[in-house]
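Visitor: Got a sequence here, can you build the structure:
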Amino acid sequence: MTSIYSLTGKAKGDVKLPDIFDTEYRPDLIQRAVIMLQANKRSVYGVNPSSGMLTSADYYGRRRGGFRQTINRGMSRLPRIKPGGGGLGNVRRVPQSVGGRRAHPPKMRDYSLKMNKKEYDLALKSAIAATRDVSLVEKRGHKIGDIKETPLVVEDSLQKIDKTKDLLDALYALGLEDDLKRAREKKIRSGKGKMRGRKHRRKKSVLILIEKDEGVKKLDNVPGVDIVELSDVDVEMLAPGTHPARLTVWTESALKKIGELSV
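Guide: Residues are numbered from 1 along each chain as shown. Purely as a prediction, here's the structure:
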C-alpha cells in the first residue's frame, strides 16, 4: 500500500500499488532499451551514392575517328557534358571537376537498433518497478529530503494546474524542493558541444506521470521536470542516461490505469 497525497502534501487515503511494481529489476534490459531509443533518434548518416553522378556527361573513349573528339583541342579525356548542337562541354563526374562527386565520402551508416518486443516490455516494467526502490532512487543521485515514500501518488487535481507557480508549490509541499534545487544547477558541457548551441548541461529531476492532460503538460519550464502522459512514457524517460530509478510522481488515475494495463 502507498498513500495518496493532496496538493498540500497531506495524506488523504491509501491505494494498493499494481503488480507491475513487483517486476524483477533488470538493469541490463533497461540499458539496452535506452541505448536502442537513443540510437533510433539519429538520422541515417552518409552521402547519396549517386551524388555528383546524375549528369549526361560521358567519356567517349579514343581520340580519333569518332564524334566529339578531343584531339588537338587541348582538352583532357574525361567525362564531359553534351551541350546542345554537338561538341563537348565542361568536365563532370570525376572528383576534381566542378559539380563532380566527392573523392572519399563518408560511408553510409544506419545507427538504428532493434530489440525484441517482449524484452522491451520487460525493460519498461522493470524501469517502472525500480522507481519504487528508495535506495536505487538515492543511488541515482536524487535528493530524497522530506519525501515520505516512493513512488509519490498525488490526487488528479494535479492534472488541472495551469500555472508554474502552482505546480512548484505542489511539488514543494510533497517534499521535492531539494531535488528541484539540485536540477537548477548548470554545468558547462565538455567537448565541442559548447560551440553548437548546447553549452550547459542540467540534471534530470522529477518525472510526473499523468493519465490525461488537463492543462499541466504545457508547464515545461521547470528545470529537470518532465510531465508525460502515461500513453507516451518510454524507458528512457524512466531511466535517463540508462540509469534507472528516476524520482517519479504519479497521479491517482495514472496509477489506476497502469494497474489495468498490467493485468
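Visitor: which SS class is the residue nearest to S56 when sequence neighbours are not counted?
Guide: Leaving aside its sequence neighbours, S56 sits nearest to K82 (Cβ to Cβ, 6 or more residues apart in numbering; 5.3 Å). Glycine gets a C-beta too; all of them are placed from N, C-alpha and C. Under DSSP: H, G, I helix; E, B strand; the rest coil, the three-state class of K82 is coil.
Visitor: from what I can see K82 touches Y59, true?
Guide: No. Contact between K82 and Y59 fails when scored by Cβ atoms under 8 Å: they sit 11.8 Å apart.
Visitor: Please enumerate the strands of the stretch 1-150 of the chain.
Guide: 2-5, 11-15 (DSSP state E, counting those that start in this stretch).
Visitor: same question, the stretch 151-263 of the chain
Guide: 152-154, 187-188, 200-201, 207-210, 226-229, 248-251.
Visitor: With distance to V91, mean neighbour count and mean pLDDT as added columns, please give those strands in JSON lines.
Guide: Formatted as JSON lines, the strands of the stretch 151-263 of the chain follow (distance: least, Cβ to Cβ, whole Å; neighbours: other Cβ atoms under 10 Å; pLDDT from 0 to 100):
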{"stretch": "strand 152-154", "distance to V91": "69", "mean neighbour count": "24", "mean pLDDT": "93"}
{"stretch": "strand 187-188", "distance to V91": "49", "mean neighbour count": "10", "mean pLDDT": "94"}
{"stretch": "strand 200-201", "distance to V91": "49", "mean neighbour count": "12", "mean pLDDT": "92"}
{"stretch": "strand 207-210", "distance to V91": "59", "mean neighbour count": "23", "mean pLDDT": "96"}
{"stretch": "strand 226-229", "distance to V91": "55", "mean neighbour count": "17", "mean pLDDT": "95"}
{"stretch": "strand 248-251", "distance to V91": "63", "mean neighbour count": "24", "mean pLDDT": "95"}
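Visitor: looking at the ones you listed, which is closest to Y120?
Guide: Checking the strands of the stretch 151-263 of the chain against Y120 by Cβ to Cβ gives strand 226-229 as the closest, at 17.3 Å.
Visitor: Who are the packing partners of the closest one?
Guide: Counting contacts by 3 or more Cβ pairs under 8 Å, 6 or more residues apart in numbering; DSSP states H and E, strand 226-229 is packed against strand 207-210.
Visitor: distance between the strand it packs on and the chain's centre?
Guide: From the chain centre to the centre of strand 207-210 is a distance of 17 Å (Cα atoms, centre = their mean, to the nearest Å).
Visitor: on that earlier part again, residues touching the residue nearest to S56, list them.
Guide: Counting by Cβ atoms under 8 Å, 6 or more residues apart in numbering, K82 touches S56, A57, D58, R68, L88, G89.
Visitor: quick one: least confident of those residues?
Guide: Among the contacts of K82, R68 carries the lowest pLDDT, at 69.
Visitor: coming back round to it: which of the strands of the stretch 1-150 of the chain sits closest to S135?
Guide: strand 2-5 (16.6 Å).
Visitor: got the buried residues for the closest one?
Guide: Using 16 or more other Cβ atoms under 10 Å as the test for burial, strand 2-5 gives T2, I4, Y5.
Visitor: Same check on stretch 183-202?
Guide: A183.
Visitor: gap between the two ends of it?
Guide: The first residue of stretch 183-202 is 6 Å away from its last residue (Cα to Cα, to the nearest Å).
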